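> this one's structure only:
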């Protein structure tokens, strides 16, 4: 049996339900990895005059979702959790529904709705983790807050493309991905 870490012990003493937290972390990690996969399919279908304008922003969000997965995994294991052993089980426990390609892959507005809904689900998930860990689990809170910053930017990008008003946010084109989460990634990533 694995020995309990001091970090886990202190987080439990602070009143965090570790099992619930680990469930949320694993489910959000699944959402990040599956979103990376589904965004790959969406991105390659962003073609034509309308689609090409959205391609770079979808790519930025896709890469950052992969980075979110990479940043979450160590924390899951630090707290004594683990990922499901089967990829199908991992996919199916995702905190967010799959970001499937719309029936008409040339309908850029429908694709934007899929992208926006995925980001809104992520914002809700990381807000829940932040609320659970604020003042109790500093490391998980810091990580979830960093991811939340990026997910809010992703939501703003897609909402702006749908004409929901200016967001004040800019894509990462020409700048490194994951400006908030980068500190949680191994050197050379991000």
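That came through fine. Remember, predicted model here, so these are calculated numbers, not experimental data. Residues are numbered from 1 along each chain as shown.

> Please count neighbours and contacts with C-alpha atoms only from this point.
Noted.

> For the nearest residue to residue 93 once chain neighbours are set aside, what is the enclosing helix or strand?
With Cα to Cα, 6 or more residues apart in numbering as the measure, residue 27 is the residue that lies nearest to residue 93, at 5.7 Å, once sequence neighbours are left out. Using DSSP states H and E, residue 27 maps to helix 18-44.

> buried residues in that helix?
For helix 18-44, a neighbour-count test (16 or more other Cα atoms under 10 Å) marks 18, 21-40, 42-43 as buried.

> which stretches of the chain have low pLDDT?
With pLDDT under 70 as the threshold, the chain has low-confidence stretches at 1-2, 169-172, 174, 187-190.

> Could you tell me which helix of it is the longest one?
Ranked by residue count and defined by DSSP state H, the top helix of the chain is helix 48-78.

> Could you point out the helix or strand that follows that one?
The first helix or strand that comes after helix 48-78 along the chain, using DSSP H and E, is helix 87-92.

> For that next one, which residues meet the burial criterion?
90-91.

> Direction-wise, compare the longest helix of the chain with helix 18-44 and give the angle.
Going by axes from the mean of the first three to the mean of the last three Cα atoms, to 10 degrees, helix 48-78 is angled at 160 degrees with respect to helix 18-44.

> Residue 178: which element?
Taking DSSP H and E as the definition, residue 178 sits outside all helices and strands.

> For it, give me phi and psi.
Its backbone dihedrals place residue 178 at phi 50, psi 60, with angles given as degrees, to the nearest 10.

> re the thing from before, look up how far residue 34 lies from the residue nearest to residue 93.
10 Å (Cα to Cα, to the nearest Å).

> neighbours of residue 13, just the number please.
Residue 13: 11 surrounding residues under other Cα atoms under 10 Å.

> who's in contact with it?
If you count contacts by Cα atoms under 8 Å, 6 or more residues apart in numbering, residue 13 has none.

> Mind listing residues that contact stretch 102-109?
Contacts to stretch 102-109, defined as Cα under 8 Å, 6+ apart, come from residues 45-47, 50-51, 110-111, 114, 162.

> if you skip the residues just before and after it, what's nearest to residue 45?
With Cα to Cα, 6+ apart as the measure, residue 105 is the residue that lies nearest to residue 45, at 6.4 Å, once sequence neighbours are left out.

> One more: residue 7?
Looking at residue 7 with Cα to Cα, 6+ apart, the closest residue is residue 79, at 7.5 Å.

> you'd agree the one you found is up against residue 9?
No. Using Cα atoms under 8 Å, residue 79 and residue 9 do not qualify as a contacting pair, with a distance of 9.3 Å.

> Between the two, which is the more surrounded one?
With neighbours defined as other Cα under 10 Å, residue 79 and residue 9 compare such that residue 79 has more, 20 against 12.

> separation between the more buried one and residue 178?
Separation of residue 79 from residue 178 (Cα to Cα): 23 Å.
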